[in-house]
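Asker: Need coordinates for the below:
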Amino acid sequence: MKTLYFDIETLPADESSYNKLKYLFDKKKEKKSKVKKIEDEEIVDSSSKSLDDFINKTGLDGAFGRVLCIAYAIDDGELQVLCNDGNEKKTIEEFWDVAKDCDLFVGHNIMSFDFKFIMQRSIVLGVKPTWQTREMRSPKYLSFARYRNNPIFDTMCEWVAWGENKNSSLEHVALALGIPTPKDGVDGSKVAEVYKEEGGIQKICDYCKRDVGTTRAVYKRMTFEN
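Answerer: Model prediction:
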């Protein structure tokens with residue numbers, strides 16, 4: 001059985017989506033202004049105070065955000081990274097090519113974010129997964145059902161026994177287990193900022209690989225493989 005450990009880093013939408021996002025932002029703002037008023041003063045959703053803020057948040061939204069890189073390791077193999085800046089579709093195609101021969105997928109918060117994001121981007125970009133997501137009788141059926149850990153083992157969900165995810169970041173769990181933190185100068189909230197720096201893409205890829213190495217170490221501790 002092959003185990004694929006992986007992690008992704010994402011970016012906000014590019015300029016080609018700005019017109020669509022402005023339309024959605026204006027609709028959202030209009031709806032808020034109709035629903036909420038205090039002394040005739042319009043109230044705008046505090047989570048997206050401006051269009052720029054709204055666009056920046058798409059880095060967490062597979063509908064418009066982009067996959068910059070996917071770091072991975074198979075079993076105890078070398079940490080590797082898939083990154084084709086400007087060609088997200090190729091990165092996702094390469095991921096599914098790697099995934100087709102694997103049996104178990106391991107990551108931290110991959111049920112709610114990483115894998116969901118990859119699936120959404122696969123649909124948007126027209127990349128057919130090498131694992132089936134609709135036909136349950138297929139031996140390569142990728143189930144996102146909760147309360148199970150095969151073929152997806154989410155270390156965050158398993159750590160909290162599928163309860164609330166408070167205080168269950170990868171860094172939090174790793175440090176509790178005596179595993180060095182992977183957050184060395186970069187974390188997910190800084191990716192879009194670091195991306196604009198000279199050499200930023202390499203920094204992000206290196207950080208993404210460290211996350212995978214840490215996740216693998218956490219998984220081995222959680223499953224008592226060490």
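
Asker: Residue 124 is in what secondary structure piece?
Answerer: Using DSSP states H and E, residue 124 maps to helix 115-125.

Asker: Contacts for the following helix or strand past that helix, please.
Answerer: Using DSSP H and E, the helix or strand that follows helix 115-125 in sequence is strand 152-154. When contacts are defined by C-beta atoms under 8 Å, 6 or more residues apart in numbering, strand 152-154 is touched by residues 104-112, 115, 142-144, 219. The way it works is simple: take the backbone N, C-alpha and C, and place the C-beta from them, glycine included.

Asker: What's the first helix or strand after the lowest-mean-pLDDT helix or strand in the chain?
Answerer: Across the helices and strands of the chain, the lowest-confidence element by mean pLDDT, DSSP states H and E is strand 41-42, at a mean of 48. Next in sequence after strand 41-42, counting helices and strands by DSSP H and E, comes helix 51-56.

Asker: Report the next helix or strand after that next one in sequence order.
Answerer: Following helix 51-56 in sequence order, the next helix or strand is strand 66-74 (DSSP H and E).

Asker: and the angle for that following strand with helix 115-125?
Answerer: Orientation check (axes from the mean of the first three to the mean of the last three C-alpha atoms, to 10 degrees): strand 66-74 against helix 115-125 gives 130 degrees.

Asker: strand partners of strand 66-74, parallel vs antiparallel please.
Answerer: Using DSSP bridges, the strands paired with strand 66-74 are strand 3-11 (antiparallel), strand 80-83 (antiparallel).

Asker: how close does the residue nearest to residue 69 when sequence neighbours are not counted get to residue 112?
Answerer: Closest residue to residue 69 apart from its sequence neighbours, by C-beta to C-beta, 6 or more residues apart in numbering: residue 83 at 3.8 Å. Residue 83 is 23 Å from residue 112, where distance means C-beta to C-beta, to the nearest Å.

Asker: Settle it for me: which of those two has more neighbours?
Answerer: Taking neighbours as other C-beta atoms under 10 Å, residue 83 and residue 112 compare with residue 83 leading, 20 against 13.

Asker: Correct me if wrong: the more buried one contacts residue 67.
Answerer: No. If you go by C-beta atoms under 8 Å, residue 83 and residue 67 don't touch, sitting 9.2 Å apart.

Asker: so where's the protein shaky on pLDDT?
Answerer: 33-48, 185 (pLDDT under 70).

Asker: What's the local residue count around residue 168?
Answerer: Other residues near residue 168 come to 18 when the count uses other C-beta under 10 Å.

Asker: actually residue 155, sorry about that
Answerer: Look at residue 155: counted by other C-beta under 10 Å, it has 25 neighbours.
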